[in-house]
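K.L.:
what follows is a predicted structure for the sequence shown.
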Amino acid sequence: MQDKLEFLIALAREKHFGRAAQICGVSQPNLSLAIKQLEAHFGVPLVDRGSRFVGFTAEGQRVLEWARRIVGDTRAMHADIETMKQGLTGHLRLAVVPTALPIVSKITAAFWRQHAGVKLTISSHTSTEVLSRLDNLEAEAGITYLDNEPVGRVVEIPLYRERYHLVTGPNGPFSERQSVTWEEVATLPLCLLSPDTQNRRIIDHIFKEVGVHVDPILESNSLIALATHLKTGLWSTVMPRIVAEPLDFPGHLRTIPIVAPEMSTLIGMVVSIRDPQPPLTAALINEARLLATQLSELA
């Protein structure tokens with residue numbers, strides 16, 4: 001039964017029978033047969049089928065919710081027993097929004113010093129994708145925004161608040177200022193994160209609230225791309241100070257607080273609700289809580 005539930009979760013993630021089969025290491029006919037066997041077991045259709053995967057029926061969505069819980073708890077049980085046998089080992093996967101990537105090493109380094117037998121994988125995703133990866137058991141934890149869009153049924157560990165600053169060159173009109181307004185920032189040639197990121201949606205909302213429209217010269221979903229363009233001195237950006245400092249900008253770039261209004265958003269770790277938590281996740285939560293005060297002081 002668990003294999004069939006794993007197939008259902010893979011299908012939800014990939015939304016394509018062929019790709020789901022490939023991920024699961026089985027042939028497409030075998031995956032389709034397993035889904036049909038689940039449907040026969042429950043006596044209801046779980047998947048809407050056309051010439052391709054369309055989606056899940058209402059019953060399929062409910063079975064999928066249970067499948068995620070059952071498979072997640074089963075994996076957690078195996079991990080718990082393995083920890084009892086040989087200590088804390090395994091593979092910990094973190095899904096992180098782009099603006100939190102420069103600071104995630106503060107958590108992972110502290111964690112790995114305590115648990116050097118653990119392999120870590122960090123991947124960059126939008127806030128929506130972070131939650132999706134938790135749901136589909138592709139990540140043990142995420143770091144994302146907590147107070148702007150719904151984060152779903154998860155455990156939240158607040159870490160720090162993003163406070164927005166203008167990062168600009170030495171020859172710009174506001175380079176000698178101690179603070180700038182959002183209206184003033186809007187007059188500059190800007191490079192910003194792309195609109196699919198929550199950071200950008202937050203910034204666009206603030207600009208709208210103060211009554212200005214922004215049309216950035218350059219957009220990217222990569223902080224590295226923004227950083228390299230900022231170093232040319234041709235563009236400016238809006239960025240939390242806690243993000244700007246680890247990027248090691250040249251000394252001539254200025255980081256200036258944006259006021260009127262001064263805005264901040266809460267960043268935190270999210271994990272699926274389980275009791276008990278898997279050992280790796282529980283250890284990571286512990287490190288995150290220990291570091292939350294330090295991160296708040298840096299923000």
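P.N.:
That came through, no problem.
K.L.:
which residues are in contact with stretch 168-179?
P.N.:
With contacts defined as CB atoms under 8 Å, 6 or more residues apart in numbering, stretch 168-179 is touched by 166, 180, 184, 187-188, 230, 233-234, 236, 252-254, 256-259. Every residue, glycine included, has its C-beta placed from N, CA and C.
K.L.:
of the residues you listed, which one scores lowest on pLDDT?
P.N.:
Lowest in pLDDT among the contacts of stretch 168-179 is His252, which has 77.
K.L.:
all the strands of this structure, residue numbers only.
P.N.:
With DSSP state E, the ranges of strands along the chain come out as 47-49, 53-56, 90-96, 118-124, 141-145, 154-168, 180-181, 191-193, 218-220, 237-240, 254-259, 264-272.
K.L.:
any chance of those in TSV, plus mean neighbour count?
P.N.:
What follows is the strands of the chain, written out as TSV (neighbours: other CB atoms under 10 Å):
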stretch	mean neighbour count
strand 47-49	15
strand 53-56	15
strand 90-96	20
strand 118-124	15
strand 141-145	26
strand 154-168	21
strand 180-181	20
strand 191-193	24
strand 218-220	17
strand 237-240	25
strand 254-259	17
strand 264-272	22
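K.L.:
quick one on the thing from earlier: farthest pair within the contacts of stretch 168-179?
P.N.:
Greatest spacing in these, by CB to CB: Leu234 and Val259 (24.9 Å).
K.L.:
and the protein, what are its domains?
P.N.:
The chain resolves into domains spanning 2-74, 91-299 when parsed by automatic domain parsing.
K.L.:
right, and the ones you listed - which one's nearest Ile81?
P.N.:
Proximity to Ile81 (CB to CB) singles out domain 91-299 among the domains of the chain, at 9.7 Å.
K.L.:
okay, now the unreliable bits of the stretch 151-299 of the chain?
P.N.:
Of all residues in the stretch 151-299 of the chain, those with pLDDT under 70 make up the ranges 151, 250-251, 296-299.
K.L.:
ok, 50 please
P.N.:
The model of the stretch 151-299 of the chain has no residue with pLDDT under 50.
K.L.:
please, where are all the helices along it?
P.N.:
Under the criterion DSSP state H, counting those that start in this stretch, the stretch 151-299 of the chain contains helices at 182-185, 198-209, 223-230, 241-244, 279-298.
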